[in-house]
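[1] Sequence first, then the predicted structure:
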Amino acid sequence: MNKLFINALLAICTLGLAWACYWSIYSDIDFDEQKAIREKAVKERLLQIKDAEELYKKTYGQYVGTLDSLIDFIKNSKAVDHIIKDGELSDDQLEAGLTEQEAVRQGLIRRDTIFKSAAELLGIKNPDSLKYIPVGRKADGSTFTVTSKFDPNSKAEVKVGEFELRKKAEFNMRSNEFDILVEVRARLDDYMYGFSEKRIKNLKADLKKLNKNRGELMLDNEDDFEGEWYGLSIGDLKDTNNKLAGNWDE
């Protein structure tokens, strides 16, 4: 009787261990699949923001510094679609110093600029959605406070479930003017929301080892740093040549 009981107990334990292993593997697969699905959605939204920023810069000469202003541009502004060119300056006219602008004024050549709504050019049907991370934590207006480890009085309120657009004016030696650099971030804690803190912590540890999808957390667009930041982003406030590249391309 004792032997039968022990054998049955061993069988149950073996089955339980096998089930635990299976469930652990299944959970890891599910986590990885969800991570890939969610990151794909976030990247697509970030690239939409990138297209909008580039159209804004094409229209006004620099990037816009807030998502609300970018959304207003998409909803209410027209941008250059293309330019119709009729006629070119001859070699003789160029040698004579005639500019294209003057030739247009004189009616010697024709240049017509065709405008379309920014929303139509970008193919964005719901511009307001650009503010929100499309997966994970629902944006409900709640915020959390970030405090600089260098200055306890330096605080920033960050809305959960929303993209963060940061801006910085950088002096351009060529143009002798300031350029507006921008960076748009989606926090890993927001788009992977719903999984255990342990899994998210382990994911951050893996990203730290790979030096991937992470950076310094900057407050108020100044040189105050607090800890580390993890997530997906476009742009770089330290790299004037970044041109809104995604940090997943590194």
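    Arrived safely, thanks for sending.
[2] Can you tell me how far Ile74 is from Lys58?
    13 Å (CB to CB, to the nearest Å). (Each C-beta comes from the backbone N, C-alpha and C, glycine too.)
[3] higher neighbour count, these two?
    Ile74 (25 against 11; other CB atoms under 10 Å).
[4] Regarding that one, what is its secondary structure?
    helix (DSSP: H, G, I helix; E, B strand; the rest coil).
[5] Tell me, how many residues neighbour the residue lying closest to it once chain neighbours are set aside?
    In this structure, Ile74 finds its nearest non-sequential neighbour in Pro127, 4.1 Å apart by CB to CB, 6 or more residues apart in numbering. Applying other CB under 10 Å, we find 20 residues neighbouring Pro127.
[6] Lys131 too?
    When neighbours are counted by other CB under 10 Å, Lys131 comes out with 18.
[7] Kindly report the same for Gly231.
    23.
[8] ok, now which ones touch the residue nearest to Arg214 when sequence neighbours are not counted?
    Leaving aside its chain neighbours, Arg214 sits nearest to Tyr230 (5.0 Å; criterion: CB to CB, 6+ apart). When contacts are counted by CB atoms under 8 Å, 6 or more residues apart in numbering, Tyr230 touches 187-189, 204, 207, 213-214.
[9] Go ahead and build a PyMOL selection from the buried members of those residues.
    Applied in PyMOL, the following selects the buried portion of these according to 16 or more other CB atoms under 10 Å:
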select buried, resi 187+188+189+204+207+213+214
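[10] what's near enough to touch the closest residue to Lys159 other than its chain neighbours?
    Nearest residue to Lys159, sequence neighbours excluded (CB to CB, 6+ apart): Thr143, at 5.2 Å. Residues in contact with Thr143 (CB under 8 Å, 6+ apart) are 157-160.
[11] The residues you listed in strands, which ones?
    Within those, residues falling in strands by DSSP state E are 157-159.
[12] out of those, which one sits closest to Val64?
    Using CB to CB, Lys159 is the member of the ones in strands among the contacts of Thr143 that sits closest to Val64, with 18.4 Å.
[13] Pretty sure that closest one sits against Ile133.
    No - applying CB atoms under 8 Å as the test, Lys159 and Ile133 come out as separate, 10.2 Å apart.
[14] what helix or strand is Glu44 on?
    If you go by DSSP states H and E, Glu44 is part of helix 2-60.
[15] Low-confidence ranges, the chain, go.
    Within the chain, the stretches falling below the threshold (pLDDT under 70) are 1-28, 82-83, 148-152, 216-227, 250.
[16] how about the strands in it?
    Using DSSP E, strands in the chain cover 78-86, 110-117, 143-147, 155-159, 164-172, 177-187, 214-218, 225-235.
[17] mind giving me TSV with those and columns for distance to Lys35?
    What follows is these, written out as TSV (distance: least, CB to CB, whole Å):
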stretch	distance to Lys35
strand 78-86	35
strand 110-117	36
strand 143-147	22
strand 155-159	22
strand 164-172	20
strand 177-187	13
strand 214-218	15
strand 225-235	11
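[18] looking at those strands, which is closest to Glu39?
    Nearest to Glu39, of those and by CB to CB, is strand 225-235 at 6.4 Å.
[19] Now do the buried residues in the closest one.
    In strand 225-235, counting by 16+ other CB under 10 Å, buried: 226, 229-235.
[20] Report the angle between that strand and strand 164-172.
    Per axes from the mean of the first three to the mean of the last three CA atoms, to 10 degrees, the angle that strand 225-235 makes with strand 164-172 is 80 degrees.
[21] circling back: what separation is there between the residue nearest to Lys159 and Asp249?
    30 Å.
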